[in-house]
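Peer 1: Make a model of this:
(2 chains)
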Amino acid sequence: MPLLENGHLVADRWNYATNGQPLGTGSVIVPLSRLSEGLGRSMGDLGVVLPVDESISTLRDALPKLSVVVVIFPIFRDGRAFSQARALREHLHFTGEIRASGHVLPDQYEFLVRCGVTTVEVPENADVSAWERALHQFRVAMQPSVMNETPTGFGFRRFLPA
Amino acid sequence: MSADTMGRDDVMPADRQVGLYSYDQVDRTFLRERIEQFRDQVARRVSGELTEDEFKPLRLMNGLYLQLHAYMLRVAVPYGTLASRQVRALARIAREFDRGYGHFTTRQNIQFNWIRLEDTPAALEVLAEADMHAIQTSGNCIRNVTSDEFAGAAVDELLDPRVHAEILRQWSTLHPEFTFLPRKFKIAISGSPQDRVAARFHDIGLIARPGPNGRPLFEVFVGGGLGRTPIVGTRLREDLQEEDLVAYLEAILRVYNEFGRRDNIYKARIKILVQALGANEFRQRVDAEFVAMDRARYRLEPALVQAIRDRFGVPAFRPEGNAPALLAQARENRTFDAWVRTNTHPHRAPGYISVVVSLKPDGGIPGDATADQLDLLADLAERFSFGELRVTHLQNVVLGHVRQEQLYELWQALSGAGLGTANIGFITDIVACPGLDYCALANARAIPIAQKLSSRFADLELQREIGALRINISGCINACGHHHAAHIGILGVDKRGEEAFQLTLGGSGEEDASIGQILGPAMSEDETVDAVARLVDFYLVRRDSGERFLDAYRRIGTAAFKDVVYAAA
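Peer 2: Take a look at the predicted model:
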C-alpha cells in the first residue's frame, strides 16, 4: 500500500507480520497479540498495530523498543485514533513513526499531522496531489497542538509549517 | 496608541462599538482558505471522486444539510452577536440565494432553507466578506458556542462571557483531535446567575463569575441535553480557574472522544457516557487526564485573554441625562407601555435599556425574518444600538444598548415593520423547529401548530392575564424545538401514519432546570390546540396570586392537569 510522508510518496521499508508465519529478522509490524514475540527477537526493527479500542498505556513498557506504532481508522469518521496519536506524543513522549492506516481522507491530513501522525497508508489509486494540497491548505491553525507550531503572537493561533 | 485601541487599529470603524471579536487579516485568510477547501470538496463530489458518504461529513462541517426539498445552509452567529454589516450580508443571502427569508434557530444561528449546492461556495463568499462562516454549524464536532443575549448589558450580569466564548470558538475551530467526535458537541456560556443560556442542557455549560483575584472562575456542567434522552447536566467543577479553562475542556473532550459510544447514534452524546460511567467515575477520568496533560500548552494567560478582549468593540455610553424621565413620559401611551413591560430588559448603564424584538407575530412562523426585515434591523441597530444585533436562543433578536429616550421612536419603527409584537415571555412567544415542512428527520410539522396557537392566543390582554408561559414545539424526538425545557412542550410524533402531538408539562431551561413530563397519548393538531387552551383555563382558575403556570403545575401536580386534557376529550 502506498505510503505518504510530508505529502509525498515514500518507500515503505516495513512489512506486516503474516498470520501463522515466523517474524523473521527484518523490519516488521506485528499485531498487539504478537508484541512479546516481537520484543523477544534479537534483531530487526519492530512496529506494532494499536487497535482503536486499546489504551495507549498498553504500549508504555514496550515503547522504547518500538520504531513504529500504527493507529487504525475503521472508518474516516471514527476519530479515536486522533486521540491515540496525540496521547502517544504527549503522554508517552513517543518520538518514532506514527502511521495512520485504514479509511482516511485527504481532508483529514492536516489533523492527522497535528495529532502527531507522521505517515499515512493510502489506497493504491490515491490522488497524491490531493493529499499534498490538503496538507498545505491552511497557513494557520487556531489552537496549539503537540507539534508545537510557532505561535503567531496572538491568541492560540499557530503558523503551520509551509 | 492608547491601551483601549491597542491591537485594534485595523478594526473597521463601524465595528468599534460592537461586542464582537473583530477579524484581522490572519482570520480573513483562514476563512478564504476554508472556502477554497470546500470549493475543492464540492468539485470532488461532483466528479465522483468523493462518495456521498464521504462528502456528507465534509459538507456538514460547512453547515450544509440536505433537507426534504433542498439544501439548507446554517450560518454561525458566534455567541449570537452580529454587526449591522453582517445582518445586511444575511439579508443579501436571503434575497440572492434563498426565497427572501431566513430562520433564526434555537442555537443563535440563522439558517436558509432553499440553497442550491452549486451556489454554496458563492454564498460562503458573501459571508466571508462580512467575516462570517458556516464552519461547524453541523457535524460531529464542537458547534457554535452560544451565550447570553444580554451579555455586556444585563444589570444582573457578573461577568461578560463573550470574550471567553470567542476564545472557545477559536480553540475549537478545525480542532485536529475533536472534529470526528462520536456525536455533535454543544457548549454554552453565561456570566449571570440568571441562566439565559440553558447551561444545564448542554454538553458543556459554563457559568462564569469574577473570582477573588479579579480573574474569572467557571462553574462547569457536563452531560446535559434534550433529544431522546433529556438529562439535566452534572456539575463537574465549582470554581475552575480561568487559566485552566481550555485545558480542562480539552480533558473533557479527550475522555469523550476515547470512551463515547460510536455503535449507536442515539447513545453517542456525552450525556450517555456520563450516565453510564456515573458522575464520579467520569470526573475521575477527566481529572486524571487534566493532571497528566501538558497544561502549559493550553494555559490561558491574562495577556492572551486581554489580546482577544482588545479586539472586542466597546460601546461608548453617554451619561444618563434625563433619559428615564423622557421614557416615563412616553409610557403614558398604553400600547407602548405594554411593549416596554414585556420586550425590554434592565441595563447596567444608567439611561440605557435592552430591547427584545419579537419574531413571533400573530399567526407567524417563529424565528423567521424576511430580507427586508433583516435590512431594517441592520438600520435600527445602527440608529439605536451601536451597530449591533443579537440573536436569542428563543428565536428572537435583541438590540442590546438602546437609549431610554429613543425607545418610543424605536418601537414605532419596529411596529411599522411587523416587529412590534409585545409578547416576549408570553404564550405566543413560541419556540419551534422547522419540522416536517423542511426537515428530513421530522415526524410532524411544527410550524402550522405554532401558527394556530399564536392565532388562538393573539389577544394581548389575554396573554398578559396568563403571564409567563413558555411553549416549545419539536417536530420529532430529536427535540430541536427544546420541548422538554418548556412549561408546555409539544412533541410531534407519527401515529399510524398521521401527524400527532404529545404534550409535556413542567419543563424549564433556566436555573431551576427541569425536564417536562409526558402527559399522555398523542392527539391531532386541532385537539392539541384545544387541550392547550383547556390547560390555560384550568391554570387561570386554580393559580394562586402571582403564581406562574410552571409554579402552579409544580404545586398542583400532573394528575389534575392530565384530567383537564383527557377527561374532556
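Peer 1: Phi, psi for residue 52 please.
Peer 2: Chain wasn't specified; assuming chain A. Here is the backbone geometry of residue A:52 (degrees, to the nearest 10): phi -70, psi -20.
Peer 1: quick one, what contacts it?
Peer 2: Applying CB atoms under 8 Å, 6 or more residues apart in numbering or on different chains to residue A:52 gives the contacts A:71, A:72, A:73, A:74, A:78, A:80, A:81, A:84. Any C-beta I mention is one placed from the backbone N, CA and C, and that applies to glycine too.
Peer 1: Going through those, which ones are buried?
Peer 2: A:71, A:72, A:73, A:78, A:80, A:81, A:84 (16 or more other CB atoms under 10 Å in any protein chain shown).
Peer 1: The second one contacts residue A:101, correct?
Peer 2: Yes - taking CB atoms under 8 Å as the contact criterion, residue A:72 and residue A:101 are neighbours in contact, 5.7 Å apart.
Peer 1: Could you tell me which residues touch both of these two?
Peer 2: Residues touching both residue A:72 and residue A:101 (CB under 8 Å, 6+ apart) are residue A:49.
Peer 1: thinking again about what came up before, narrow the buried ones among the contacts of residue A:52 to those in helices?
Peer 2: Residues from those lying in helices, with DSSP state H as the criterion: A:80, A:81, A:84.
Peer 1: quick one: which of those residues is nearest chain B?
Peer 2: Using CB to the nearest CB, residue A:80 is the member of these that lies nearest chain B, at 6.2 Å.
Peer 1: contacting residues for the closest one?
Peer 2: The neighbourhood of residue A:80, defined by CB under 8 Å, 6+ apart, consists of A:52, A:53, B:257, B:258, B:262.
Peer 1: can you do 7 Å?
Peer 2: Taking CB atoms under 7 Å, 6 or more residues apart in numbering or on different chains as the contact definition, residue A:80 lies against A:52, B:257, B:258.
Peer 1: Show me which residues of the stretch 201-350 of chain B are close to chain A?
Peer 2: Taking CB under 7 Å from any CB of the partner chain as the contact definition, the stretch 201-350 of chain B meets chain A at B:254, B:257, B:258, B:262, B:292, B:293, B:294, B:297, B:298, B:304, B:307, B:308.
Peer 1: 6 Å instead, please
Peer 2: Residues of the stretch 201-350 of chain B lying close to chain A (CB under 6 Å from any CB of the partner chain) are B:254, B:257, B:258, B:262, B:292, B:294, B:297, B:307, B:308.
Peer 1: Would you write a ChimeraX line that selects the buried entries of those residues?
Peer 2: Those of those that meet the burial criterion (16+ other CB under 10 Å) are gathered into one ChimeraX selection, given here:
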select /B:254,257,258,262,297,308
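Peer 1: neighbouring contacts of the helix or strand residue B:126 falls within?
Peer 2: Under the criterion DSSP states H and E, the helix or strand holding residue B:126 is helix B:120-129. Contacts of helix B:120-129 with the rest of the structure, by CB atoms under 6 Å, 6 or more residues apart in numbering or on different chains, involve B:31, B:35, B:39, B:64, B:89, B:92, B:93, B:97, B:133.
Peer 1: Please convert the buried members of the residues you listed into PyMOL selection syntax.
Peer 2: Selection of the buried residues among these in PyMOL, burial being defined by 16+ other CB under 10 Å:
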select buried, chain B and resi 31+35+64+89+92+93+97+133
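Peer 1: Redo the contacts of helix B:120-129 as CSV? Include pLDDT, secondary structure and distance to residue B:343.
Peer 2: Formatted as CSV, these follow (pLDDT from 0 to 100; DSSP: H, G, I helix; E, B strand; the rest coil; distance: CB to CB, whole Å):
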residue, pLDDT, secondary structure, distance to residue B:343
B:31, 92, helix, 35
B:35, 89, helix, 38
B:39, 87, helix, 42
B:64, 91, strand, 34
B:89, 98, helix, 26
B:92, 98, helix, 27
B:93, 98, helix, 27
B:97, 96, helix, 31
B:133, 94, coil, 31
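Peer 1: Now distance to chain A too, for the contacts of helix B:120-129, in JSON lines please.
Peer 2: Supplementary listing: those in JSON lines, determined by distance: CB to the nearest CB, whole Å:
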{"residue": "B:31", "distance to chain A": "11"}
{"residue": "B:35", "distance to chain A": "11"}
{"residue": "B:39", "distance to chain A": "11"}
{"residue": "B:64", "distance to chain A": "14"}
{"residue": "B:89", "distance to chain A": "22"}
{"residue": "B:92", "distance to chain A": "27"}
{"residue": "B:93", "distance to chain A": "24"}
{"residue": "B:97", "distance to chain A": "24"}
{"residue": "B:133", "distance to chain A": "12"}
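Peer 1: which one among the contacts of helix B:120-129 gets closest to residue B:17?
Peer 2: Nearest to residue B:17 among those, counting by CB to CB, is residue B:89 at 18.9 Å.
Peer 1: show me the contacts for the closest one.
Peer 2: Counting by CB under 6 Å, 6+ apart, residue B:89 touches B:126, B:130.
Peer 1: So for the residue lying closest to residue B:498 once chain neighbours are set aside, what pLDDT did the model give?
Peer 2: Closest residue to residue B:498 apart from its sequence neighbours, by CB to CB, 6 or more residues apart in numbering or on different chains: residue B:524 at 7.4 Å. Per-residue confidence at residue B:524 stands at 97 (pLDDT).
Peer 1: Perfect, I'm done here.
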